[in-house]
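J.: compute the structure for the input listed below.
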Amino acid sequence: MDYINDAKAKAKYLKQLEGVLESCVISEHSVALARKAAQEIEARPEGEGEGIVRPNVDNFDEIFDVTLEELKDDSNVAEAIRKASSIIELKQLVADQLEAANEDHQENTFNDDDEDTQELVTTQQTLSLVDPISKTMMKDPVRHKICGHVYDRSSVTSMIKTSGKKGFRCPTMGCGYRKPLQLADMEDALDVRRQIMRYNQGSYTGNSDYH
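T.: Predicted coordinates for the structure are as follows:
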């Protein structure tokens, strides 16, 4: 980043890097939960106590999935991200660069650079057009009526149909709706569809209603 002299451009790239780091923290959190689930299963006592099921070759996957889901319910991914030292340091860098960009902007007459400043503000909002399942730009967005999160229709339909009895839960980080998603609870996200069209036409401004 040292070779980038423009504070606004540097803040923009740092903000994008923040999203990458958040994905890394989420992955590390998921691995830690999986490891803990395996350890808890291994530590289960022998015996015939009520509710105690010892894993074997036939039922290990099922017991592991249940244990992992219980740990996910009790965990707070958003808190893990908030406390991650790498995220904290990067957020401070972004704040410093935005402050520097604002100072530079105040020193200059208002001009076309205002659009660049707006771009910094809306960088994170642009990510709302990305499907949280496939991590690609949505083409046919649908919104869950209860939690309000948006997915690409083909991605969420495929995940719901292939998830089996355990169901597929909202993959959006920090979502408080923990029940399996149902296709009947989906509706067309027309506002997001319009934003995608504007984005593809090069006129997207980042004014998203996506939650």
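J.: and the helices in this structure, which stretches?
T.: 7-42, 60-74, 77-83, 85-107, 113-126, 153-162, 190-200 (DSSP state H).
J.: and those helices, which one's lowest on average pLDDT?
T.: Mean pLDDT is lowest for helix 113-126 among those, at a mean of 49.
J.: which residue ranges make up each domain of this protein?
T.: Taking automatic domain parsing as the domain assignment, the record places the domains of the chain at 1-108, 117-211.
J.: residue contacts, the residue nearest to residue 133 when sequence neighbours are not counted?
T.: The spatial neighbour of residue 133 that comes closest, neighbours along the chain excluded (CB to CB, 6 or more residues apart in numbering), is residue 155 at 4.0 Å. For the C-beta atoms, the positions are set from N, CA and C on the backbone; glycine is no exception. Applying CB atoms under 8 Å, 6 or more residues apart in numbering to residue 155 gives the contacts 131, 133-134.
J.: same check on residue 84?
T.: Applying CB under 8 Å, 6+ apart, the residues contacting residue 84 are 21, 25.
J.: what are the phi and psi angles of it?
T.: Note on residue 84: backbone dihedrals following degrees, to the nearest 10 are phi -60, psi 130.
J.: any idea how far residue 76 is from it?
T.: Residue 84 sits 12 Å away from residue 76, going by CB to CB, to the nearest Å.
J.: same deal with residue 17?
T.: Where residue 76 is concerned, residue 17 sits at a distance of 23 Å (CB to CB).
J.: in terms of neighbours, single out the busier of those two.
T.: For residue 17 versus residue 76, neighbours defined as other CB atoms under 10 Å are more numerous around residue 17 (15 against 11).
J.: next, the contact list for the nearest residue to residue 175 once chain neighbours are set aside, please.
T.: If the residues on either side of it in the chain are set aside, residue 175 comes closest to residue 147, at 5.4 Å by CB to CB, 6+ apart. By CB under 8 Å, 6+ apart, residue 147 lies in contact with 170, 172, 175-177, 211.
J.: got a winner among those for most neighbours?
T.: Neighbour counts for those were taken using other CB under 10 Å; the highest belongs to residue 170, which has 22 neighbours.
J.: state the phi and psi torsions of it.
T.: Dihedral angles phi and psi of residue 170 (degrees, to the nearest 10) take the values phi -60, psi 120.
J.: you'd agree it is up against residue 177?
T.: Yes. With contact defined as CB atoms under 8 Å, residue 170 reaches residue 177; the gap is 5.5 Å.
J.: common neighbours of these two, please.
T.: Between them, residue 170 and residue 177 share these contacting residues under CB under 8 Å, 6+ apart: 144, 147.
J.: residues contacting stretch 168-187, please?
T.: Contacts of stretch 168-187 with the rest of the structure, by CB under 8 Å, 6+ apart, involve 22, 26, 73, 77-78, 81, 132-133, 142-147, 149, 153, 156-157, 159-160, 163, 166-167.
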